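Chemist: sequence unknown, structure follows:
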Ligand SMILES: C[S@@+](CC[C@H](N)C(=O)[O-])C[C@H]1O[C@@H](n2cnc3c(N)ncnc32)[C@H](O)[C@@H]1O
């Protein structure tokens, strides 16, 4: 089938777009939301970019809202011009990303203490300091005057005076805003790269201080945008050619054989080609999952935790839309996302199901599936670049609970695999408890399962081929500039 050309859209591809995994819109999705939003509220709302950013940040702090959902809602209501929406997005994600460092400096500047401020005032100071310290293109005077105006509109005169004073002091003392000497590695990395100290300590233990610092640094970088051709519509090379002709900067991925990295040229979710299913937007590391599963035409495949359906679609495409891919998810609203995805890509072999994966054994006969994918719910610490609130929202105690759910899903579904069949277990985290340890625990309890080499025919030379040969790949966020990811391929002995 011949695909129609991909047309160039307006810029701002700088920040990554949504990957295949469940969850937040990434920075560049704002373009889409904004351009597609219904427009009637403009005359009522009239927010500036910074007003909008403040509403999101306050909502996140006060009500525990997810930043991406709140951002989408506020941008829809405010109907900002595209550059303003991009600025609001940058401020929201940047402020959340750098929270530790910003709070450290603010603690020196706010005499009564940050904790005593109303949440909106704290958020206003945080986002203003973020702009002063990290956004070089924004002039200082614009940051201060906007913040003071917002404070006047929302609070009393004392607050606007305090905001003015704190920000002017920050500008005056900018050269002295430095981190203290003599900290431990964990304290320093946590403060310098803004990650919770407990998480930094865990990563130092698991990977060493140097690697931990690289990971934290990478987590503050803007994500890549990568896409994968719908193999049933066109070959990757043809899509690459079309993209270049359309004015996009596009290169083959150094990690995934199916991946194309698009570094500039427009929002990939806005092209006609995306709408008509020529390709999917998916992180390069996430694309390796279907490669590891290697489904074949006509097979019966179970995708246990499938929404929003990025990997389900990849599997169905690899099977040339023959056989059946059962795509299960716990949440009815997420099942709809999988259905929409399959429809957009023209995939008929995908069947969706709302179910707790721990109960799937009651749904199908034992040994029903040639392939099973468990892309497990996880702590998500591989995707902090895209979802910075993750690092502040999770507690160390949560990890054991998440690992227990992963283990119970593995236990529940393994009997559904045919003897000789392949099960792929994957997560978008770099937390060993949820990855290597989870698989080791499972294999120990089930000697009828063994590691199986991940087939790498056609993979780029720079891909982790050695790891793949061992049946297990762990991708760190600093290695390829992708999400952090874990993939294990195990086979049920015949
Ligand atoms: C990592 S995401 C899956 C991403 C998906 N494989 C993709 O590529 O688009 C994990 C999914 O598991 C779902 N989930 C969480 N707990 C579950 C459970 N007990 N049973 C089934 N699905 C579950 C979540 O709703 C979420 O959509």
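Modeler: Sure, I can see it. Computed from a predicted model, the values in this text were never measured in an experiment.

Chemist: and the gap between residue 157 and residue 269?
Modeler: Residue 157 sits at a distance of 44 Å from residue 269 (criterion: CB to CB, to the nearest Å). For glycine as for every other residue, the C-beta is placed from the backbone atoms N, C-alpha and C.

Chemist: which residue of the two possesses the greater neighbour count?
Modeler: Applying other CB atoms under 10 Å to residue 157 and residue 269 shows that residue 269 carries more neighbours, namely 20 against 9.

Chemist: SS state for the more buried one?
Modeler: Three-state call for residue 269 (DSSP: H, G, I helix; E, B strand; the rest coil): coil.

Chemist: ok, residue 80 next?
Modeler: State at residue 80, reduced to three classes by three-state DSSP: coil.

Chemist: how near is it to the ligand?
Modeler: 29 Å (CB to the nearest ligand atom, to the nearest Å).

Chemist: kindly report the same for residue 336.
Modeler: Separation of residue 336 from the ligand (CB to the nearest ligand atom): 12 Å.

Chemist: regarding this structure, what is its longest helix?
Modeler: In the chain, assigned by DSSP state H, the helix with the most residues is helix 396-413.

Chemist: kindly tell me how buried residue 474 is, as a neighbour count.
Modeler: When counting by other CB under 10 Å, one arrives at 18 neighbours for residue 474.

Chemist: circling back to that earlier point, give the other helices and strands that the longest helix of the chain contacts.
Modeler: Identification of packing neighbours for helix 396-413 by 3 or more CB pairs under 8 Å, 6 or more residues apart in numbering; DSSP states H and E yields helix 197-207, strand 369-375, strand 417-427, helix 436-445.

Chemist: which among the ones you listed is found nearest to residue 274?
Modeler: Closest to residue 274 of these, according to CB to CB: strand 369-375, at 22.2 Å.

Chemist: on that earlier part again, what angle separates the longest helix of the chain from helix 436-445?
Modeler: 40 degrees (axes from the mean of the first three to the mean of the last three CA atoms, to 10 degrees).

Chemist: buried residues, helix 396-413. List them.
Modeler: In terms of neighbour count (16 or more other CB atoms under 10 Å), helix 396-413 has its buried residues at 399, 402-403, 405-407, 409-410, 412-413.

Chemist: adding distance to residue 326 and pLDDT, write the residues you listed out as JSON lines.
Modeler: Shown next, in JSON lines, are the buried residues of helix 396-413 (distance: CB to CB, whole Å; pLDDT from 0 to 100):
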{"residue": "399", "distance to residue 326": "29", "pLDDT": "97"}
{"residue": "402", "distance to residue 326": "24", "pLDDT": "98"}
{"residue": "403", "distance to residue 326": "25", "pLDDT": "98"}
{"residue": "405", "distance to residue 326": "20", "pLDDT": "98"}
{"residue": "406", "distance to residue 326": "19", "pLDDT": "98"}
{"residue": "407", "distance to residue 326": "22", "pLDDT": "98"}
{"residue": "409", "distance to residue 326": "15", "pLDDT": "98"}
{"residue": "410", "distance to residue 326": "17", "pLDDT": "98"}
{"residue": "412", "distance to residue 326": "14", "pLDDT": "98"}
{"residue": "413", "distance to residue 326": "11", "pLDDT": "98"}
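
Chemist: one step back: how about the helices and strands packed on helix 396-413 in TSV, adding distance to residue 473?
Modeler: As requested, the helices and strands packed on helix 396-413 are arranged in TSV below (distance: least, CB to CB, whole Å):
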stretch	distance to residue 473
helix 197-207	16
strand 369-375	14
strand 417-427	9
helix 436-445	11
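
Chemist: just the strands from the protein, written as ranges.
Modeler: Counting by DSSP state E, one finds strands in the chain at the ranges 226-229, 249-252, 259-264, 279-281, 300-303, 324-329, 350-354, 369-375, 417-427, 449-451, 472-475, 485-492.

Chemist: show me what the fifth one is in contact with.
Modeler: Surrounding strand 300-303, the residues in contact under the criterion CB atoms under 8 Å, 6 or more residues apart in numbering are 293, 295, 311-312, 315, 319, 323-328, 360, 364, 368-373, 375, 413, 416.

Chemist: what strands line up against it, and which way round?
Modeler: In the sheet, strand 300-303 lines up against strand 324-329 (parallel), strand 369-375 (parallel) (DSSP bridges).

Chemist: now render those as CSV, adding mean neighbour count.
Modeler: Converted to CSV, those look like this (neighbours: other CB atoms under 10 Å):
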stretch, mean neighbour count
strand 324-329, 25
strand 369-375, 25
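
Chemist: quick one: name the residues of this protein near the ligand.
Modeler: 20-22, 305-311, 328-331, 334, 356-358, 375, 377, 428 (CB under 6 Å from any ligand atom).

Chemist: please redo it, this time with the cut-off set to 5 Å
Modeler: Within the chain, the positions lying close to the ligand (CB under 5 Å from any ligand atom) are 20-22, 305, 307-308, 310-311, 329-331, 334, 356-357, 375, 377.

Chemist: what about this protein, any weak spots by pLDDT?
Modeler: The model of the chain has pLDDT under 70 over residues 1-46, 265.

Chemist: residue 66 contacts residue 389, correct?
Modeler: Yes. Counting by CB atoms under 8 Å, residue 66 does reach residue 389; the two are 6.8 Å apart.

Chemist: neighbour count winner among these two?
Modeler: Taking neighbours as other CB under 10 Å, residue 66 and residue 389 compare with residue 389 leading, 21 against 17.

Chemist: ok, the residue lying closest to the more buried one once chain neighbours are set aside to residue 93 distance?
Modeler: What sits nearest to residue 389 in space, not counting adjacent residues and going by CB to CB, 6 or more residues apart in numbering, is residue 67, at 4.9 Å. Residue 67 sits 7 Å away from residue 93, going by CB to CB.

Chemist: ok, residue 454 next?
Modeler: Counting by CB to CB, the separation of residue 454 from residue 93 is 33 Å.

Chemist: ditto for residue 144
Modeler: Applying CB to CB, the value for residue 144 to residue 93 is 22 Å.

Chemist: could you do residue 120 as well?
Modeler: The gap separating residue 120 from residue 93 is 19 Å, by CB to CB.

Chemist: which one's more surrounded, the two?
Modeler: Using other CB under 10 Å as the criterion, residue 120 and residue 93 rank with residue 93 on top: 27 against 20.

Chemist: from memory that one sits against residue 387, does it?
Modeler: No. Under the criterion of CB under 8 Å, residue 93 makes no contact with residue 387, lying 9.1 Å away.
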